[in-house]
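>>> just the structure for this:
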Amino acid sequence: MSQFEYRGIDKTGEEMRGVINADSFRSAARQLEERQISVTSIDEVEADVLRTSGQKSTKISKDDVILIFFEISTMLRAGVSLKEAVEAQCDSSHSDAILNVFNLLLKELKSGTAFSQAVKKTQLKLPDYMYHLIESGEITGRLADSIEQGVNQMEYDLKIRSETKSALIYPSILVLSGVVAVAIMFLFVVPKFSSLLSSAEEMPTLAWLVITSGVWVNDNKLAVLIVTILFITGVGILLTQERFKIPLLNFLSKMPVIGGWLNESDLAVWSKMLGILLASKVPMLDALTLAAKSSRIPWRKARLAQVKSGVKSGLALSAALHREDVVSSTTVNLVKVGEKSGDLSTTLASVSNLYEQASKKRMQTLLSLIEPIAILVIGVLIGVIIIGIILAITSANDIAI
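Numbers count the residues shown, from 1 in each chain. Sure thing, here's the model as predicted:
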């Protein structure tokens, strides 16, 4: 299936131009005739050009990537061949960027390229496990199952990110509102009482600190703004640096409440990923390597690498996990049961569900603590400012009397 750029005149005499999908020039011309368009020119557009121009005009989101593989897996399950499934999508009403991906996949499949290699040539941003799932599906003949499991995992990853962002919206607004309130107090309220500094010879320390700070901030607004912007930018840059992220994540994972949430959500992703890979017939050592990459906490990722070494040396997975102390004793026992029953992938899926539920409860607990803590801190700051102003006023009145 190719794409053709055409120009023509419709039955009303209006000039038209656009792009149409067809197998050949004749087929494209026939489609245009059926639309009652008199063709003045028609040219084939190269797939590589389409891909480049499409990516410039439309960015492929993570939802689009999930949609691409979901539709392919659905058609494969319906008994359609891989080539026919991709070819059918070339005629769909997707965006230009997605159509360009399908066109490139079809071109590669027609040339005899394996689907896993064709996917890599699309340069889609996919997690590592997706490539390995596709390769394992090609080897085992269960491509539809492998793609569907990969899609489910990508949806799960996207869901976790979305839920976390949504849950943090209200606390973020609350904190931002508090910062704005304190800034307004320092910029517009406190400076109004600056004359009290000269009228009161002996002012309480708290009052002096509040009014002096307010006056200084008001006199150096530009400098304070620049320093604030530089600070926020610096923190943002530091958070992207591995040298900073590694100790930060390790530290946060050891903290009460937030540490439990990070650890349980991390183990939920790891156990789910390992279960999916094993269910797709990916070899144990390769599955352990890929699953370890899904872990976000550095110290756990290092220990999971040691778990792989233990399994490689002949230890059972449960024994290796127990030795490295990366999961709870309950998880070790469940893994042991899965090894004995020969259905480890199903057991790991159950473990993932347990950790996911525990993680959600931890997140709710954390959010329920953030809100009152933020209110308390903001209230204390505003209260200190108000008390400082009142003390300054009363001290000035005492002297006047």
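>>> how about the strands in the chain?
2-9, 15-22, 38-45 (DSSP state E).
>>> can you tell me which of the ones you listed the model trusts least?
Note on those: strand 38-45 shows the lowest mean pLDDT, a mean of 62.
>>> isn't residue 395 up against residue 204?
Yes: assessed by C-beta atoms under 8 Å, residue 395 is found in contact with residue 204 at 6.1 Å. All C-beta atoms are positioned from the backbone trio N, CA, C, and that covers glycine.
>>> helices of the stretch 101-250 of the chain, start to end?
Listed in chain order, the helices of the stretch 101-250 of the chain (DSSP state H, counting those that start in this stretch) span 115-121, 128-140, 143-184, 196-199, 205-219, 221-239, 242-253.
>>> correction: the stretch 301-401 of the chain
So, for the stretch 301-401 of the chain - with DSSP H, counting those that start in this stretch - the helices run 317-324, 329-341, 344-400.
>>> residue 395 and residue 204 - which one has more neighbours?
residue 395 (19 against 16; other C-beta atoms under 10 Å).
>>> can you get me a residue count around the residue nearest to residue 356 when sequence neighbours are not counted?
Leaving aside its chain neighbours, residue 356 sits nearest to residue 268 (4.3 Å; criterion: C-beta to C-beta, 6 or more residues apart in numbering). Applying other C-beta under 10 Å, we find 22 other residues in the vicinity of residue 268.
>>> got a list of what residue 268 touches?
Going by C-beta atoms under 8 Å, 6 or more residues apart in numbering, residue 268 touches 352, 353, 355, 356, 359.
>>> hmm, which of these are the buried ones?
352, 355, 356, 359 (16 or more other C-beta atoms under 10 Å).
>>> ok, the third one to residue 8 distance?
Relative to residue 8, residue 356 is positioned 56 Å away (C-beta to C-beta, to the nearest Å).
>>> how about the first one?
Look at residue 352 and residue 8: by C-beta to C-beta, they are 56 Å apart.
>>> among the helices of the stretch 301-401 of the chain, which is nearest residue 228?
Closest of those to residue 228 is helix 344-400, at 16.1 Å (criterion: C-beta to C-beta).
>>> show me what the closest one is packed up against.
Other helices and strands packing on helix 344-400, by 3 or more C-beta pairs under 8 Å, 6 or more residues apart in numbering; DSSP states H and E, are helix 143-184, helix 196-199, helix 205-219, helix 258-279, helix 329-341.
>>> which of the ones you listed has the highest mean neighbour count?
helix 258-279 (a mean of 23; mean count of other C-beta atoms under 10 Å).
>>> who's in contact with the residue nearest to residue 370 when sequence neighbours are not counted?
Excluding the flanking residues, the one nearest residue 370 by C-beta to C-beta, 6+ apart is residue 171, at 4.5 Å. Counting by C-beta under 8 Å, 6+ apart, residue 171 makes contact with 367, 370, 371, 374.
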